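Enquirer: Turn this into a model:
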Amino acid sequence: MPATTKKILILEDEKPLARALELKLNHAGFEATSVPNGEEGLLLLEKESFAFILCDLVMPKMDGFAFLERLKERKIKTPVIVLTNLSQVEDEKRARELGAVDFFIKSNIPVSEIVDHIKQKVG
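Expert: Numbering: from 1, shown residues only. Next up is the predicted model:
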């Protein structure tokens, strides 16, 4: 295992999916941590740095769009992959304008493909 494990932050309020992502990413050699909303994600980013962020758009307390806006305001440059059930072109356009590097529809992509995608991006 590499000396520095790449850390991945998962913002996902659906517990089964958050857990599946965490397990698969950890198994792939990453150190994954999940939180149920953007508010908790920002608090964690104040204490730790991450190689990548996986972010749902529809969450309680602070949704993914607000989270992306805060990242931009705070000049946090961690790459964000949006993982959502929102499939409107406008949602993807807005997420990308706010800095998301990728946009996936949850129902269209298996967890293993998300892990493979992150492996390619992070290395």
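Enquirer: Nearest residue to the most centrally placed residue in the chain in space, ignoring adjacent ones along the chain?
Expert: Central residue of the chain (C-alpha atoms, centre = their mean): Leu54, 0.9 Å from the mean position. Nearest-residue entry for Leu54: Ile10, 4.7 Å, with adjacent residues in sequence omitted and distances by C-beta to C-beta, 6 or more residues apart in numbering. All C-beta spots, glycine's among them, are computed from the backbone N, C-alpha and C.
Enquirer: next one: Arg19
Expert: In space, Arg19 comes closest to Ser34 once its chain neighbours are excluded; the distance is 7.4 Å by C-beta to C-beta, 6+ apart.
Enquirer: same deal with Glu92?
Expert: Glu92 sits nearest to Phe103 (C-beta to C-beta, 6+ apart), 4.5 Å away.
Enquirer: Wait, the one you found touches Arg94, no?
Expert: No: counting by C-beta atoms under 8 Å, Phe103 sits too far from Arg94 to count as a contact (10.0 Å).
Enquirer: Run through the bridge partners of Ile81.
Expert: Leu54, Asp102 (DSSP bridges).
Enquirer: Quick one: neighbours of it, just the number.
Expert: Residues near Ile81, counting by other C-beta atoms under 10 Å, number 20.
Enquirer: now it: how far from Phe65?
Expert: Plainly put, Ile81 is 15 Å away from Phe65 if you go by C-beta to C-beta, to the nearest Å.
Enquirer: what does Ile53 give?
Expert: 14 Å.
Enquirer: Which one's more surrounded, those two?
Expert: Ile53 (25 against 19).
Enquirer: Give me the helix or strand of this structure that scores worst on average pLDDT.
Expert: Using mean pLDDT, DSSP states H and E, helix 111-122 stands out as the lowest-scoring helix or strand of the chain, at a mean of 90.
Enquirer: export that helix as CSV, just CAs?
Expert: Provided in CSV are the C-alpha atoms of helix 111-122 (Å, rounded to 0.1, in the frame of the first residue of the first chain):
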residue,chain,number,x,y,z
VAL,A,111,-20.6,1.7,-7.9
SER,A,112,-17.7,-0.3,-9.4
GLU,A,113,-17.6,2.1,-12.4
ILE,A,114,-17.5,5.1,-10.1
VAL,A,115,-14.5,3.6,-8.3
ASP,A,116,-12.7,2.8,-11.6
HIS,A,117,-13.3,6.4,-12.7
ILE,A,118,-11.8,7.8,-9.5
LYS,A,119,-8.8,5.4,-9.8
GLN,A,120,-8.2,6.8,-13.3
LYS,A,121,-8.5,10.4,-12.1
VAL,A,122,-6.5,10.2,-8.9
